[in-house]
Structure formats: structure tokens, C-alpha cells
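1. Pasting a predicted model and its sequence here:
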Amino acid sequence: QVQLVESGGGSVQAGGSLRLSCAASGPPFNSYAMGWFRQAPGKERALVAVISWSGGSTSYADSVKGRFTISRDKAKNTVFLQMNGLKPEDTAVYYCGAVYRPYSLPTSVADYDYWGRGTQVTVSS
């Protein structure tokens, strides 16, 4: 059974940085795409960034391009989200997702089969 555990959330001022981690356990994660999504109060869960199983392909929401970087350590089954230049509108619960996809880079919430419980990120102005 796949388990995903997020960590690294917290409260920062605008312009600050945070690094989120998602530790995966269960079956070997070869061929699993993984992604970060976020959900603000009153809004639907939405894409932040996704990364292919190899780490060679990534995709970002327009709102975070140039500020956030997704990466993965395949040996440790861990995915990271480095967030720089944080803005108050980045405030949300951030979720890690995983799905078996050896040949594509899924960007929709509906594509993902496994989710962590989320970690809160709060950015104050």
C-alpha cells in the first residue's frame, strides 16, 4: 500500500522560503509520477508542480513558475518542493500525490491515485 507523508510546512513572511518534502513508502516507485497540489480555503485542489518518475520532466502552474522547484530523490523515494519568493496567495494546504505513469506527466488532480494528508503553508504580508 502506498503511503505519502508531507513535511516542511509552516508560517513565513512574504518573500520567504520553505522546502516541502514528501516521503513515499510501499511498492517500488519506479514509474510513479509525483506531484504537489494545493488547496486554499473555499477553493478546489489545484496543481502546483509535477515530476516524472525519472525526474527528467516537470510541469508547473503558471502562478509558481520561476519561484518553485520540484525535484525527487529516487533512492530515498522522496519528492521536494523548494518554494522561494512566497506570496500571501500561496497560503494553502499542500498535498503530495502519486500515480503509476511510466510514460506521461499527469497534471490533473483526478489523475492521481494516492495522496498524503497535507501540510499547511501560511504566508503573511
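-> Structure's in. What do you need? Numbers count the residues shown, from 1 in each chain.
2. got a list of what the closest residue to D90 other than its chain neighbours touches?
-> Distances taken as C-beta to C-beta, 6 or more residues apart in numbering put V123 closest to D90, at 5.1 Å, once the chain neighbours are dropped. Quick note: C-beta positions are derived from backbone N, CA and C, even for glycine. The contact partners of V123, taken as C-beta atoms under 8 Å, 6 or more residues apart in numbering, are S11, V12, Q13, A14, G16, L86, K87, P88, E89, D90, T91.
3. If you drop the residues flanking it in sequence, what lies closest to the third one?
-> What that stands for is Q13. Distance criterion C-beta to C-beta, 6+ apart; nearest residue to Q13, sequence neighbours excluded, is S124 at 5.5 Å.
4. Got the confidence number for the residue nearest the centre of the chain?
-> Residue closest to the average C-alpha location in the chain (C-alpha atoms, centre = their mean): W36, at 1.9 Å. For W36, the pLDDT comes out at 98.
5. give me the element it is part of.
-> Per DSSP states H and E: W36 is located in strand 32-39.
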